[in-house]
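> Here is my input, please return the structure:
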Amino acid sequence: MKNKLKQISLDQAYDIIKRPITTEKSTNLQQFNQYSFIVSKNSNTFEIKKAIEVIFKVKVSKVNTSILRGKGKTFKGQYGFRKDTKRAIVTLNEGNTIDSSLEIK
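Okay, the predicted model is just below:
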């Protein structure tokens, strides 16, 4: 309950939201008023919702998150893994949009 009432500063919001995802699939989701972002791994849905509302000045209706495990890769004969990433698909209320030309620091 505390997380819902807590205010987030602009600097904290930029720490939570890393960058937008610009793939064909995420572009197709925009017609349903859904936008995809790579977010901090230790953030929760309430913090993501507040961060999007602070940065873009829109109303968020729903946030879905998923953690993608890093793929195994071979680099110069050494086997390793890419980093795990957390993605958030944010659904906005009717009439709200995020301009695709906006950049995140």
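> Every contact and neighbour count from this point should use C-alpha atoms.
Will do.
> same for the strand or helix carrying residue 66, what does it pack against?
For residue 66, the host element (DSSP states H and E) is strand 60-68. Counting contacts by 3 or more C-alpha pairs under 8 Å, 6 or more residues apart in numbering; DSSP states H and E, strand 60-68 is packed against helix 45-56, strand 85-92.
> Can I get those in JSON lines including mean pLDDT, distance to residue 10 and mean neighbour count?
Formatted as JSON lines, these follow (pLDDT from 0 to 100; distance: least, C-alpha to C-alpha, whole Å; neighbours: other C-alpha atoms under 10 Å):
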{"stretch": "helix 45-56", "mean pLDDT": "94", "distance to residue 10": "7", "mean neighbour count": "19"}
{"stretch": "strand 85-92", "mean pLDDT": "96", "distance to residue 10": "18", "mean neighbour count": "20"}
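> what's the closest of the ones you listed to residue 23?
Comparing those against residue 23 with C-alpha to C-alpha, the closest turns out to be strand 85-92 (12.8 Å).
> Show me what stretch 47-56 is in contact with.
3, 7-10, 12-14, 16-17, 39, 58-60, 62-63, 88, 90, 98 (C-alpha atoms under 8 Å, 6 or more residues apart in numbering).
> which residues are in contact with stretch 27-40?
Contacts of stretch 27-40 (C-alpha under 8 Å, 6+ apart): 15-22, 26, 48, 85-94, 96-97.
> repeat that for 6 Å
Stretch 27-40 is contacted from outside by 16-21, 86-92, using C-alpha atoms under 6 Å, 6 or more residues apart in numbering.
> in this structure, which residue is closest to the centre?
By C-alpha atoms, centre = their mean, the chain has its centre lying nearest to residue 37, at 2.8 Å.
> State the number of residues packed around the closest residue to that one other than its chain neighbours.
Of all residues not flanking residue 37 in the chain, residue 20 sits nearest, at 4.2 Å (C-alpha to C-alpha, 6 or more residues apart in numbering). Residue 20 sits with 18 neighbouring residues when counted by other C-alpha atoms under 10 Å.
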